[in-house]
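Enquirer: Predicted coordinates and the sequence they were generated for:
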Amino acid sequence: MSAVSVALVFAVVLGLTLVAAPLLIRSLRRSGIRQRAYEDAPKTHATKSGTPTMGGILFLVATMVALIANHDVGAVALAVLALACGAIGFADDLLAVHGRSIRGLRARTKFLATACAGALFLYLLTRFAAGPHERSLLLLGSLRLDAPEWLWLLVGLCAIVATTHAVNLTDGLDGLAGGAIVPPLIVVAWLAARVGQFGVTTIDVATVAACLGFLAYNRHPAKVFMGDTGALALGGILAGSFVIAGNVLLLPLIGGVFAAETISVILQVASYKTTHRRIFRMSPLHHHFELAGWPETTVTWRFWAASAVLSIAGAVVAR
């Protein structure tokens, strides 16, 4: 697929997102699909209650547009993963909005469901994809380990489950997750193109376009949130792209912002359960900086910058 075709997909998805977002926001508002603020969130977040959510539907539309443009095996498998994760998030958002608990699905249910989505994705790759790179784990630069299939499957599944929920944890401030995921997606789009996975590149580029269009309405003060519908879908696309490109071991570096958010939660829970002391003022990490006095927009911009720096570092390592 030519660069011109990919650029056309980018332009179409960006324009479509900018036009469709206001229509979706009005539809969500009329349907009562609105965010309910968590009781344990920072007090400044109380004003976010009532904001339309589930705007991540736009990312799923972008995936389908990209799939129409290029539907090779890798793209189909990645689209299935994105749609499956988005469907899990959709169910979670509906329960959070209309259910008795604002937490939506139980955590273990979401983990199990995303693991099933990841297993389906990996099955499609092993059943239909061709090429040795799908089962290679990048170490440093051109040095690769041709992993046995069981190890490749295990690492891939862990990456998918971890990344989907890491992006979900990061989606706690206006524009944070949507902006932070753009640099990693750009890098993995390039990595996928290097191994001939142009369908994956097309989906990644379309997702970047959708994120940029979405940020026009999700930046502070947000007019719409992506919800778990969007966060889980974005995490699935990011992790699945790295698996197909054979660079999954670089994901913790290039997606370092999401890794840091997850680690902060793990450390906080472990510390409190063992010592009854908190390491951070609040987790995930972005809330810690909020409570330290950083304005929400400052936290967002600095996390975006960190994501860009880590993505560049990962691209240099992969070169």
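Expert: Yep, it's here.

Enquirer: Now do the helices for the stretch 1-150 of the chain: every range, in order, please.
Expert: Assigned by DSSP state H, counting those that start in this stretch, the helices in the stretch 1-150 of the chain fall at 3-30, 57-69, 73-98, 107-128, 149-170.

Enquirer: from memory T44 sits against E290, does it?
Expert: Yes: with contacts counted by Cβ atoms under 8 Å, T44 reaches E290, the gap being 7.2 Å. (C-beta placed from N, C-alpha, C; glycine too.)

Enquirer: Neighbour count: those two, which is higher?
Expert: E290 (21 against 11; other Cβ atoms under 10 Å).

Enquirer: Let me know how buried R219 is, in neighbour terms.
Expert: So R219, with other Cβ under 10 Å, has 16 neighbours.

Enquirer: Next: the one 4 residues further on.
Expert: The burial metric for K223, expressed as a neighbour count using other Cβ under 10 Å, is 16.

Enquirer: Can you tell me the closest non-neighbouring residue to it?
Expert: Distances taken as Cβ to Cβ, 6 or more residues apart in numbering place Y217 nearest to K223, at 4.6 Å, with adjacent residues excluded.

Enquirer: for the helix or strand containing that neighbour, which positions count as buried?
Expert: Per DSSP states H and E, Y217 falls inside helix 198-218. Residues of helix 198-218 classed as buried: 198-215, 217-218 (neighbour count, 16 or more other Cβ atoms under 10 Å).

Enquirer: Then stretch 56-65?
Expert: In stretch 56-65, counting by 16+ other Cβ under 10 Å, buried: 56-63, 65.

Enquirer: again with stretch 173-191
Expert: Within stretch 173-191, judged by 16+ other Cβ under 10 Å, the buried ones are 173-191.

Enquirer: so what sits against both of T44 and E290?
Expert: E296 (Cβ atoms under 8 Å, 6 or more residues apart in numbering).

Enquirer: Helix, strand or coil: sort out the closest residue to V265 other than its chain neighbours for me.
Expert: Spatial nearest neighbour of V265, chain neighbours left out: S283 (4.6 Å); criterion: Cβ to Cβ, 6+ apart. With DSSP: H, G, I helix; E, B strand; the rest coil as the basis, S283 sits in coil.

Enquirer: Local confidence estimate at S5?
Expert: Per-residue confidence (pLDDT) for S5: 86.

Enquirer: got the contact list for it?
Expert: 69-70, 202.

Enquirer: Let me know whether L185 touches A239 as I believe.
Expert: No: under the criterion of Cβ under 8 Å, L185 is not in contact with A239, lying 11.3 Å apart.

Enquirer: coming back round to it: with only the CA atoms kept, save the following helix or strand past the helix holding Y217 in CSV.
Expert: For helix 198-218, the succeeding helix or strand toward the C-terminus, using DSSP H and E, is helix 227-245. Taking Å, rounded to 0.1, in the frame of the first residue of the first chain, the C-alpha atoms of helix 227-245 are listed here in CSV:
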residue,chain,number,x,y,z
GLY,A,227,-14.9,5.5,28.2
ASP,A,228,-13.8,1.9,28.4
THR,A,229,-15.2,1.4,24.9
GLY,A,230,-12.3,3.5,23.6
ALA,A,231,-9.6,2.8,26.1
LEU,A,232,-9.8,-1.0,25.8
ALA,A,233,-10.0,-0.7,22.0
LEU,A,234,-6.9,1.5,21.9
GLY,A,235,-5.0,-0.8,24.2
GLY,A,236,-5.8,-3.7,22.0
ILE,A,237,-4.7,-2.0,18.8
LEU,A,238,-1.5,-0.9,20.4
ALA,A,239,-0.5,-4.3,21.8
GLY,A,240,-1.8,-6.2,18.8
SER,A,241,0.3,-4.1,16.5
PHE,A,242,3.4,-4.7,18.4
VAL,A,243,2.8,-8.4,18.5
ILE,A,244,2.3,-8.5,14.7
ALA,A,245,5.4,-6.3,14.0
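
Enquirer: Can you spell out which helices and strands pack onto helix 227-245?
Expert: With contacts taken as 3 or more Cβ pairs under 8 Å, 6 or more residues apart in numbering; DSSP states H and E, helix 227-245 sits against helix 57-69, helix 73-98, helix 107-128, helix 149-170, helix 176-180, helix 182-194, helix 198-218, helix 251-254.

Enquirer: And the first one, what does it pack against?
Expert: Contacts defined by 3+ Cβ pairs under 8 Å, 6+ apart place helix 57-69 against helix 3-30, helix 73-98, helix 198-218, helix 227-245.
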